[in-house]
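Visitor: Provided below for reference: sequence and predicted model.
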Amino acid sequence: MEKEVRGYRVENCFGPQGCKNRAGPENDLAARIESLLAEKELLEFFKKSVKGPLKFHHEFSVALADCPNACSRPQIRDVGIIGAAVPEITGEPCSMCGECVDVCKEEAVRLEETGQVPKIDRSGCLNCGQCAQVCPTATIGIQRRACKILLGGKLGRHPRLADPLPGCYEAKEVLDIVSLCVDFYKQHSRGGKRFAQLYAESRHDFAADLAGLIHDEKKGC
Ligand code: SF4
Ligand code: SF4
Ligand code: SF4
């Protein structure tokens with residue numbers, strides 16, 4: 001197994017193969033993250049800091065999912081990335097067909113007979129973009145496509161679900177945050193300590209490092 005350990009792992013969902021649910025931006029983000037991690041020389045870092053043979057669980061792991069269905073399980077990776085399509089009401093006349101209400105699994109769309117306009121409850125919306133996809137009149141559109149970011153998930157003896165960062169991020173911002181996570185990890189991890197454990201123990205110190213990169217809680221997506 002040791003020969004196959006590369007020091008990092010990037011997993012993707014089936015979105016790039018044409019999944020109709022895809023919500024995130026159309027780009028080469030997975031390939032760009034792979035290149036970034038390759039430059040970080042993680043394998044050399046593990047060889048120096050881990051006693052004994054290297055195993056797959058030592059690798060720094062990133063999972064991308066192209067919509068909130070999260071098929072690639074970003075919640076249990078060091079860094080999880082979830083595609084988001086943020087809906088907006090465009091002002092185009094609504095036919096009151098109800099398709100948007102039916103498709104929303106979060107019950108976040110409501111139709112008001114009086115105003116003939118849909119209302120989206122932003123606190124319940126997961127930014128899957130399905131309401132815009134089914135709307136025949138373009139009354140609901142997509143305001144922006146971006147990514148949610150989760151940090152510090154793992155399985156193993158002490159499993160932990162990753163914490164979401166506030167807001168949504170463009171590809172360049174995602175790369176900056178992944179880069180910072182790896183640098184923080186290399187600086188503080190010894191003996192193969194996992195990023196999730198380190199993140200849970202030193203979240204407040206790390207928050208100071210992240211401060212310039214993360215969005216305001218109130219800004220939403
Ligand atoms: S996460 Fe979404 S886009 Fe990716 S394969 Fe699953 S359903 Fe499709
Ligand atoms: S984007 Fe998805 S979760 Fe949000 S209102 Fe539309 S269908 Fe519901
Ligand atoms: S917003 Fe679009 S999908 Fe929803 S009821 Fe109006 S026309 Fe139908």
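Guide: Received, thanks. Ligands and ions are numbered 1, 2, ... in the order given.
Visitor: For stretch 175-190, C-alpha coordinates in CSV please.
Guide: Coordinates of each C-alpha in stretch 175-190 appear next as CSV, following Å, rounded to 0.1, in the frame of the first residue of the first chain:
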residue,chain,number,x,y,z
LEU,A,175,-7.9,27.5,-3.9
ASP,A,176,-6.6,30.1,-1.4
ILE,A,177,-8.5,28.4,1.5
VAL,A,178,-7.2,24.9,0.5
SER,A,179,-3.7,26.3,0.3
LEU,A,180,-4.0,27.9,3.7
CYS,A,181,-5.3,24.6,5.2
VAL,A,182,-2.4,22.6,3.9
ASP,A,183,0.1,25.2,5.1
PHE,A,184,-1.5,25.2,8.6
TYR,A,185,-1.5,21.4,8.6
LYS,A,186,2.2,21.1,7.6
GLN,A,187,3.1,23.6,10.2
HIS,A,188,1.3,22.0,13.1
SER,A,189,0.8,18.3,12.4
ARG,A,190,3.3,15.8,13.8
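Visitor: list the buried ones in that stretch?
Guide: Across stretch 175-190, burial judged by 16 or more other C-beta atoms under 10 Å covers 175, 176, 177, 178, 179, 181, 182, 184, 185, 189. (Each C-beta comes from the backbone N, C-alpha and C, glycine too.)
Visitor: I figured the last one was touching residue 196, is that so?
Guide: It refers to residue 189. No - using C-beta atoms under 8 Å, residue 189 is not in contact with residue 196, being 10.7 Å away.
Visitor: which residues are contacting the top helix by length along the chain?
Guide: If you go by DSSP state H, the chain has its longest helix at helix 171-188. With contact meaning C-beta atoms under 8 Å, 6 or more residues apart in numbering, helix 171-188 is reached by 25, 27, 29, 32-33, 36-37, 40, 42, 45, 60, 62, 78-79, 81, 147, 149, 151, 165, 169, 195, 198, 202, 206, 209-210, 213-214.
Visitor: from those, which would you call buried?
Guide: Applying 16+ other C-beta under 10 Å to the contacts of helix 171-188 flags 25, 29, 32-33, 36-37, 40, 42, 45, 60, 62, 78-79, 81, 147, 149, 151, 165, 169, 195, 198, 206, 210, 214 as buried.
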